[in-house]
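1. Provided below are the primary sequence and the corresponding predicted coordinates.
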Amino acid sequence: MFTFTHLSLARQFLLISFLILLTGMLIIGAWVGRQIETGVVNRTAAVTALYVDSFIAPHLQDLAHSEHLDAAHLASLGSLLTGTPLGQRIVAFKVWGPDGRILYSTNPALIGREFPISPELAFAFAGEVHTEISGLTEPENEYERQQWSRLIETYAPVRVENTSAVVAVSEFYQTTDDLEREVRAAQLRSWLVVGVATLAMYLLLTGLVGRASNTILAQQSELRDKVAQLTTLLAQNEQL
């Protein structure tokens, strides 16, 4: 029965190196793909957060001395998110107060409701932008779950003008359609580069090992010939 040990050392080495390179290619390709996705998500969210802040923050400045938004500002927020380029980029929007209460939402049923402060929300109140692809499993995502399976979720701090004080957090959601197309194209390019590099390394190893194997085989053949000649001479010596 054929077994791995029946192969020559050169073939054993090439088979093992192929498996090692293939495993390395899969691991590196998966890691690079994940880094590309993370980078694209963060870049998209950062750009959109700045865009949102420039439009939304002026209507939230009253929160520096009030716990509620008046009707005029609520109406202004609604008009900004309806039939505008901003509204086309964002499919859902919320404004959170420091106590975990929703001060504004594109889903009016959520306005005034209070939820536990999540780590992501706390991170934003600490002054940092947080972005991830959300599976929409949180209680406040009941509206989004009805239409999407996952969305790009971003929490961005809203500061008092000309200060670093955070008075609220804006949470907005974007679809993953454009993201998936961009990530898929970038991942395809990365897999192509990794695959070509892996193939080049394997062919290089094959050439080096093949040359070494041919040298060893030639030396073995020459050694067998010399052993045969020596055996013949020994036999002749015995006869003499």
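-> It's in.
2. Which residue lies nearest the spatial centre of the chain?
-> For the chain, the residue sitting closest to the mean C-alpha position, by Cα atoms, centre = their mean, is residue 34 at 2.7 Å.
3. Using the three-state scheme, assign that one.
-> helix (DSSP: H, G, I helix; E, B strand; the rest coil).
4. any idea how far it lies from residue 130?
-> 18 Å (Cβ to Cβ, to the nearest Å). C-beta here means a position set from N, CA and C on the backbone, and glycine is covered the same way.
5. same check, this time on residue 163
-> According to Cβ to Cβ, residue 163 and residue 130 sit 21 Å apart.
6. more crowded one of those two?
-> Counted by other Cβ atoms under 10 Å, residue 163 and residue 130 do not tie: residue 130 has more neighbours, with 22 against 9.
7. Kindly state the beta-bridge partners for the more buried one.
-> Beta-bridge pairing for residue 130 (DSSP bridges): residue 155.
8. ok, residue 101 - contacts?
-> 112-115 (Cβ atoms under 8 Å, 6 or more residues apart in numbering).
9. So which of those is surrounded by the most neighbours?
-> That'd be residue 115 among the contacts of residue 101, by other Cβ under 10 Å, with 14 neighbours.
10. That one contacts residue 142, doesn't it?
-> No. In this structure, residue 115 is not within contact of residue 142 by Cβ atoms under 8 Å, at 11.1 Å.
11. In this protein, spot the helix with the most residues.
-> Counting residues, the longest helix found in the chain (DSSP state H) is helix 177-239.
12. helices or strands next to that helix in the packing?
-> With contacts defined as 3 or more Cβ pairs under 8 Å, 6 or more residues apart in numbering; DSSP states H and E, helix 177-239 has these neighbours: helix 9-56.
13. now the helix it packs on against helix 177-239, angle please.
-> Relative orientation of helix 9-56 versus helix 177-239 (axes from the mean of the first three to the mean of the last three Cα atoms, to 10 degrees): 170 degrees.
14. and helix 9-56, how far out from the chain's middle?
-> 6 Å (Cα atoms, centre = their mean, to the nearest Å).
15. again, but for stretch 138-146
-> 24 Å.
16. ok, residues contacting that stretch?
-> Here stretch 138-146 has contacts from 91-92, 94, 102, 107, 109-110, 113, 115, 118, 134, 136, 151, 173, using Cβ under 8 Å, 6+ apart.
17. Generate a ChimeraX selection restricted to the buried subset of the residues you listed.
-> Remark: buried members of the contacts of stretch 138-146, expressed as a ChimeraX selection using 16 or more other Cβ atoms under 10 Å:
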select :91,92,94,102,110,118,134,136,151,173
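18. which one of the contacts of stretch 138-146 is nearest residue 223?
-> Residue 223 has its nearest neighbour among those in residue 134, at 68.8 Å by Cβ to Cβ.
19. how far away is that closest one from residue 187?
-> 21 Å.
20. repeat for residue 142
-> Taking Cβ to Cβ, one finds residue 142 at 32 Å from residue 187.
21. which one of the two has more residues nearby?
-> Counted by other Cβ under 10 Å, residue 142 and residue 187 do not tie: residue 187 has more neighbours, with 17 against 12.
22. Contact partners for the more buried one?
-> Neighbours of residue 187 in contact, by Cβ under 8 Å, 6+ apart: 29, 32-33, 36-37.
23. go again using 6 Å as the cut-off
-> Counting by Cβ atoms under 6 Å, 6 or more residues apart in numbering, residue 187 touches 33, 36.
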